[in-house]
Each structure stands twice: as structure tokens, then as C-alpha cells.
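Student: let me see the structure of the following:
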Amino acid sequence: GKLTWRQQHNLSKQIFFTDVSGVGEAMQGAVMQRSSAFAGSSLRPSGLGRQCGVSRAPVVSVQAVQDLKGTVVSTANNKTAVVSVDRLAPHSKYFKRIRTTKRYTVHDEEGKGKLGDYVRLEGCRPLSKTKRFTLAEVIREAN
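Tutor: Modelled structure (predicted):
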């Protein structure tokens, strides 16, 4: 039958992607939104529902890179540090870039991070209710 204007609009917002790197069988031929994390590298748009055959590319695992840099603001807890990470984000209405700050609790096994140090964090499995990062290295020590 004929599509309503709303159905046509929703279809125009979607792109059909076909797996070309062997990421997984579940992803093959899936309809994904345009702002998808996979849309950039491992998946490419295909023509109107055609699926590729056997992929000859090596299997690639897709993982989000979790690497943050920030300043240690607290070391009061045992084997835990609190790191303040600054980033620039656009304002929702005016689109001016605003500096936003977020505090992360970080696992610090050896107690390397001292107050005021500039450190690098690596993502890991959940270690507690709030700890999802480990302190990888001290980039610059506090004066």
C-alpha cells in the first residue's frame, strides 16, 4: 500500500548497512540509525537490501575506547582516587562550547596518584558501584 508522509519521513532517516568486515552475523543486514557508532568504519551502506556474500576480511572486535585524562582531586579513600575530567561540550540551545567537569572514582592499587597530579585513566570492568576506571599512569606530577 501507500506510505503515509510520516512513514516516508522515518524511512528517510534510516540507512541500510551491510557487514563487510565480519563483525558478526547478528549485525549483517541490520537497519541502523544514521548516528550509529558502527556507521563510520566497519559498515558501509549497501544498495536497497542487497546483502554481501562471504566476507573475506579478518574478524574485527568493536570496542569503545575509554581513555580519559584529568586531575586528582581526592585520595582520601583506600586504593581509590577521585579524578576531575574537563571537556568541552556544546550548549544545548546556543551551541557555544562550554567547559563541563565530571568526577570519576578511580581504582588506584599502588597509590600512585597524589593530590593535583594530571593522570590518564583506562576503562575496565565494574570494580564497585561507582568504579569503572583504573589509574593507568601519572602524566604530570603536582608541584
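Student: residue 83: what's its closest spatial neighbour, skipping adjacent residues?
Tutor: residue 70 (4.3 Å; C-beta to C-beta, 6 or more residues apart in numbering). Backbone N, C-alpha and C define where each C-beta goes, glycine included.
Student: any figure for the gap between the one you found and residue 8?
Tutor: 46 Å (C-beta to C-beta, to the nearest Å).
Student: and these two? which has more neighbours close in?
Tutor: Taking other C-beta atoms under 10 Å, residue 70 and residue 8 do not tie; residue 70 has more neighbours (23 against 10).
Student: for the more buried one, give the beta-bridge partners.
Tutor: residue 119 (DSSP bridges).
Student: can you check residue 107 too?
Tutor: Residues in beta-bridge contact with residue 107 (DSSP bridges): residue 80, residue 134.
Student: check contacts around the residue nearest to residue 83.
Tutor: 83-86, 104, 118-119, 121 (C-beta atoms under 8 Å, 6 or more residues apart in numbering).
Student: if you set the cut-off to 10 Å instead, what comes out?
Tutor: 82-87, 101-104, 106, 117-121, 133, 139 (C-beta atoms under 10 Å, 6 or more residues apart in numbering).
Student: just the buried residues from these, in PyMOL please.
Tutor: The buried subset of the contacts of residue 70, as determined by 16 or more other C-beta atoms under 10 Å, is captured in PyMOL by this line:
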select buried, resi 82+83+85+104+106+117+119+121+133
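Student: restricted to strands, list the contacts of residue 70.
Tutor: Members of those lying in strands (criterion: DSSP state E): 82-87, 101-104, 106, 118-121, 133, 139.
Student: so where do the strands sit in the protein?
Tutor: Remark: strands assigned in the chain by DSSP E are 14-19, 31-33, 43-45, 67-74, 80-90, 97-107, 118-123, 133-140.
Student: and the fourth one, what's buried?
Tutor: Okay, so that is strand 67-74. Within strand 67-74, the residues that count as buried by 16+ other C-beta under 10 Å are 68-72.
Student: cool, the last one as well?
Tutor: Using 16+ other C-beta under 10 Å as the burial criterion, the residues of strand 133-140 that qualify are 133, 135-136.
Student: now, which of those sits nearest residue 1?
Tutor: Nearest to residue 1 out of the buried residues of strand 133-140 is residue 133 (C-beta to C-beta; 52.2 Å).
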